[in-house]
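Trainee: quick check, what structure comes out for this input:
(2 chains)
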Amino acid sequence: MSFLSPTRRGFLKGTASLAGATALPNLSYADSHSPLTVGFIYVGPKDDFGYNQAHAEGAAAVKAMEGVVVVEEENVAETIDVQKSMESMINFDEAKLLFPTSFGYFDPHVLEVAPNHPDVRFQHAAGLWTEGMPTNVGSYFGYIGMGQYLNGITAGHATTTKKIGFVAAKPIPQVLLNINSFLLGARQVDPEITCQVIFTGEWSMAVKEAEATNALADAGCDVITCHVDGPKVVMETAAGRDCFVCGYHANQAPLAPEKYLTGAEWNWAGVYTDMVQTVLDGGTIDNFVRGGLADGFIKMSPLGPAVSDAARAQFEATKAEIMAGGFSAIKGPLKDNAGNVIAAEGEGFAEDDIALESMDYLVEGVIGSTS
Amino acid sequence: METDLGYWIIPLAIIGGAIRVSTPFLFVSLGEALTERSGRINLGLEGTLVFGAMSGYALAYLTGSPWLGVLAAALCGALFGLVHGVICSLPKVNDIAVGIAMMILGMGLAFYFGKPFVQPVAPDLPAIGFGWWSEIPQVRAALEVNVLFLIGAALAVLLWWMLRATRVGLTLRVVGDSTDAARAMGLRPAVIRTCATAVGGAFAGVGGAYLSLYYPGSWNEGISSGQGLMAVALVIFARWNPLACFGAALLFGGAGALGPVLQSVGVSEGYYLFFAAPYVLTLGVLIATSSPTRAMTGAPGELSITK
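Mentor: Now for the predicted structure:
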């Protein structure tokens, strides 16, 4: 498709609709009974047991709604490609609501395309919408760090080596928050626990993820979780090395039924159907939407057979605290792993604190570095 | 449970990584070495590798036997090689251009047919534990050697011997070094090159089956991350010698393990640089062995890139 520049496409669309308008006036989009077309764009395959699958499950729920047509495109890179995909969905499929779901789509791609299409709504996952950005752009995300905190509690009970491991893609704020939350959860069980992190540098790189998992197992980690787009390789490799695993993005229990403790999952179905319903009813979605366990943005996988009764009790108690709202995983006294003070005694960052979305540190006890 | 090995974990991880990661490099580079010795370049092996990974995984899942998967991958790879070979036998066809087309076609077809197999879990190929003598779990894990690795090692020796000491090897070399000489001997270069490309494709297919059926052991669209292309470069690096291909594959596998293991012992600054280690290594060796005065040693005379 690269031979079609957006402007040329715009021209083609203009001439085509002109011809259409003269020949078949009844088929124009202005017809109020025409269904709402919603576009979903994924950075990887939509059945990857991970990030993209979680969004695709949300899209499937939207597909089941009345008066809605869903168009999807997978394996769209975080480059000019996504601009072309969005233009194509808008111009050819007449999409009025777009969900470009990968982090790297936001800046500059969504921000560049949105001003050209004021009648189209762009809903971007994980981005940080701020005042001054186009008003037809919205960003939404969930406090999944809380899920990793709960993962950490089950990990803290399961580990015997007092060392847990994390396979991470890139050192961006969401990933760092997940790593820190995972360790801090485990430290609620035993403050001696440390967490080894290995960055692969890519969202999806199967061989490197397997090597990283093996390196963690070699280093003595006996509970492993991850933040990569498709956790399948990490889960299978870790279970093969006799480590317990905590899931991420979606439920990976079928991949390692005996070793799976629990997992932090997205729950996009409810979120997406709400947003689409708002548009169908003629309303406007807020530009900045966030939610956690209590709002149904995220959920936990059912606890696995290896989770002890003590772990289950602490897991449920903490989950109830988080559900009550205002919970802080990152709270003082806390230093980062370079010795700088993050929070003094009595200070804390609640799950909805916007400061957490620009996290650039790993807390004390995490072995690893952000660069 | 696991013993703390300190910095000893680094050489151990490099050995383990060499054994785990090298097999696809090995099979693709052996296949490419064979093809290039006959005077043709098949750049499409990346696509063959990915298609092999998909077809191997699919067949293993459908039949329950990983070995049938390997067989299917080899057959598909041979078919891809055959297509490349036949097209390149037509007059005035550039093998590099055809190779790039075949690479993209192979990946496209693999993604298309592979869609239903991303979710299911297929049986793995068996491995043999050569670490039974050790009490240390890390050593045991590093010395889990897959059967395909052993087959690949044996094949490297076999091909080396074949090229050196057999009539088939001589025929292949003559065709690769001089089309005119081969014709004068009554050989049919196009047929021989096509056969060599088909066998090379079959090897690459098996390399793909290793990716999806053993390590990392699942099929998805990002399974290869360029191993097929790297392996084609390895052949030049190994000077078209199958034994050197084996060495080069081990080196690349081991170098790939460096990034993760250094992070695991606490050397965590600059991991992007460690991940680039295999590529820096390639550049270094190519520069060190380059010469302005003579042609590359071991290069087949009919190869379009070295002519």
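Trainee: now do the strands in the stretch 1-150 of chain A.
Mentor: A:36-41, A:68-73, A:97-100, A:121-125, A:137-142 (DSSP state E, counting those that start in this stretch).
Trainee: would you tell me which of those strands gets closest to residue B:155?
Mentor: Of all these, it is strand A:68-73 that lies closest to residue B:155, at 41.3 Å by CB to CB. Placement of C-beta: from N, CA and C, glycine included.
Trainee: give me the neighbour count for residue B:97.
Mentor: Look at residue B:97: counted by other CB atoms under 10 Å in any protein chain shown, it has 12 neighbours.
Trainee: which residues are in contact with the helix or strand harbouring it?
Mentor: Residue B:97 is part of helix B:95-114, with elements assigned from DSSP states H and E. Contacts to helix B:95-114, defined as CB atoms under 8 Å, 6 or more residues apart in numbering or on different chains, come from residues A:75, B:40-51, B:53-55, B:57-58, B:80, B:83-84, B:87-88, B:219, B:221, B:228-229, B:304-305.
Trainee: same check, this time on stretch A:354-366
Mentor: Contact with stretch A:354-366 is made by A:128, A:145, A:166, A:173-174, A:176-177, A:179-180, A:183-184, A:187, A:193-197, A:330, A:334-340, A:342, A:349, A:368-370, as judged by CB under 8 Å, 6+ apart.
Trainee: likewise for stretch B:56-70?
Mentor: Stretch B:56-70 has contacts (CB under 8 Å, 6+ apart) with B:55, B:71-73, B:113-114, B:117, B:120-126, B:148, B:205-206, B:208-209, B:212-213, B:218-219.
Trainee: start to end distance for it?
Mentor: With CA to CA, to the nearest Å as the measure, the ends of stretch B:56-70 fall 5 Å from one another.
Trainee: show me what counts as buried in that stretch.
Mentor: Across stretch B:56-70, burial judged by 16 or more other CB atoms under 10 Å in any protein chain shown covers B:56, B:57, B:58, B:59, B:60, B:61, B:66, B:67, B:69, B:70.
Trainee: so of those residues, which two are at opposite extremes in space?
Mentor: B:58 and B:67 (14.2 Å).
Trainee: contacts only, for residue 75.
Mentor: By default, I'm working from chain A. Contact partners of residue A:75, counting by CB under 8 Å, 6+ apart, are A:42, A:43, A:44, A:45, B:111, B:221.
Trainee: that was the other one, I meant chain B.
Mentor: Residue B:75 sits next to B:202, B:205 when contact means CB under 8 Å, 6+ apart.
Trainee: which helix or strand contains it?
Mentor: Secondary structure from DSSP H and E places residue B:75 in helix B:66-89.
Trainee: going by neighbour count, list what's buried in that helix.
Mentor: Within helix B:66-89, the residues that qualify as buried are B:66-67, B:69-85, B:87-89, counting by 16+ other CB under 10 Å.
Trainee: go on, stretch A:345-358?
Mentor: Across stretch A:345-358, burial judged by 16+ other CB under 10 Å covers A:348, A:349, A:351, A:356.
Trainee: tell me how far residue B:169 lies from residue B:237.
Mentor: Distance, residue B:169 to residue B:237, by CB to CB, to the nearest Å: 21 Å.
Trainee: neighbour count: the two, which is higher?
Mentor: Using other CB under 10 Å as the criterion, residue B:169 and residue B:237 rank with residue B:237 on top: 22 against 17.
Trainee: any idea how far the nearest residue to the more buried one once chain neighbours are set aside is from residue B:96?
Mentor: Counting by CB to CB, 6 or more residues apart in numbering or on different chains, residue B:248 is the residue found nearest to residue B:237 once chain neighbours are left out, at 5.3 Å. Separation of residue B:248 from residue B:96 (CB to CB): 21 Å.
Trainee: likewise for residue A:183?
Mentor: 50 Å.
Trainee: what about those two, which has more around it?
Mentor: Set residue A:183 next to residue B:96 and count neighbours by other CB under 10 Å: residue A:183 wins out with 29 against 15.
Trainee: isn't that one up against residue A:196?
Mentor: No: applying CB atoms under 8 Å, one finds residue A:183 not in contact with residue A:196, separated by 9.8 Å.
Trainee: residues that sit against both of these two, list them.
Mentor: Shared contacts of residue A:183 and residue A:196, defined by CB under 8 Å, 6+ apart, comprise A:164, A:366.
Trainee: returning to what we had before: ok, so of the buried residues of stretch B:56-70, who is nearest chain A?
Mentor: Chain A lies nearest to residue B:57 out of the buried residues of stretch B:56-70, by CB to the nearest CB, at 12.3 Å.
Trainee: and the closest one, its phi and psi?
Mentor: Per-residue torsions, residue B:57: phi -60, psi -40 (degrees, to the nearest 10).
Trainee: against chain A, how distant is the residue nearest to residue B:237?
Mentor: From residue B:248 across to chain A, the span is 17 Å (CB to the nearest CB, to the nearest Å).
Trainee: quick one: secondary structure of the residue of the stretch 101-250 of chain B found nearest chain A?
Mentor: At 3.9 Å from chain A, residue B:216 is the closest residue in the stretch 101-250 of chain B, using CB to the nearest CB. Of the three states, residue B:216 takes coil under DSSP: H, G, I helix; E, B strand; the rest coil.
Trainee: touching, it and residue A:234? I think so.
Mentor: No: if you go by CB under 8 Å, residue B:216 and residue A:234 don't touch, sitting 9.1 Å apart.
Trainee: who has more neighbours out of these two?
Mentor: Comparing residue B:216 with residue A:234 by other CB under 10 Å, the one with more neighbours is residue A:234, at 31 against 24.
Trainee: the helix or strand that one falls within - contacts with which helices or strands?
Mentor: Under the criterion of DSSP H and E, residue A:234 resides in helix A:232-240. With contacts taken as 3 or more CB pairs under 8 Å, 6 or more residues apart in numbering or on different chains; DSSP states H and E, helix A:232-240 sits against helix A:206-218, strand A:223-227, strand A:244-249.
Trainee: what residues are up against residue A:278?
Mentor: Taking CB under 8 Å, 6+ apart as the criterion, residue A:278 is in contact with A:284, A:285.
Trainee: quick check on it: phi, psi?
Mentor: Backbone torsions of residue A:278, given as degrees, to the nearest 10, read phi -60, psi -40.
Trainee: where's it relative to chain B, distance?
Mentor: Applying CB to the nearest CB to residue A:278 and chain B gives a distance of 32 Å.
Trainee: how far off centre is stretch B:239-248?
Mentor: Put simply, stretch B:239-248 sits 11 Å off its chain's centre (CA atoms, centre = their mean, to the nearest Å).
Trainee: for it, which outside residues touch it?
Mentor: Stretch B:239-248 is touched from outside by B:25-26, B:29-30, B:33, B:36-37, B:152-153, B:155-157, B:159-160, B:163, B:234-235, B:237-238, B:296-300, with contacts defined as CB under 8 Å, 6+ apart.
Trainee: what's the mean pLDDT across it?
Mentor: For stretch B:239-248, the mean pLDDT works out to 93.
Trainee: just stretch A:318-328 next, same as before
Mentor: For stretch A:318-328, the mean pLDDT works out to 92.
Trainee: pull out the buried positions in it.
Mentor: A:318, A:319, A:322, A:327.
Trainee: who's in contact with the last one?
Mentor: In this structure, residue A:327 makes contact with A:146, A:321, A:350, A:351, judged by CB under 8 Å, 6+ apart.
Trainee: between those, which sits nearest residue B:177?
Mentor: Proximity of those to residue B:177 (CB to CB) peaks at residue A:146, which lies at 66.8 Å.
Trainee: tell me how far that closest one lies from residue A:182.
Mentor: Taking CB to CB, one finds residue A:146 at 11 Å from residue A:182.
Trainee: and those two? Which one has more around it.
Mentor: Higher neighbour count among residue A:146 and residue A:182: residue A:182, with 34 against 27, using other CB under 10 Å.
Trainee: quick check, that one in a helix?
Mentor: Yes: read with three-state DSSP, residue A:182 is one of the residues of a helix.
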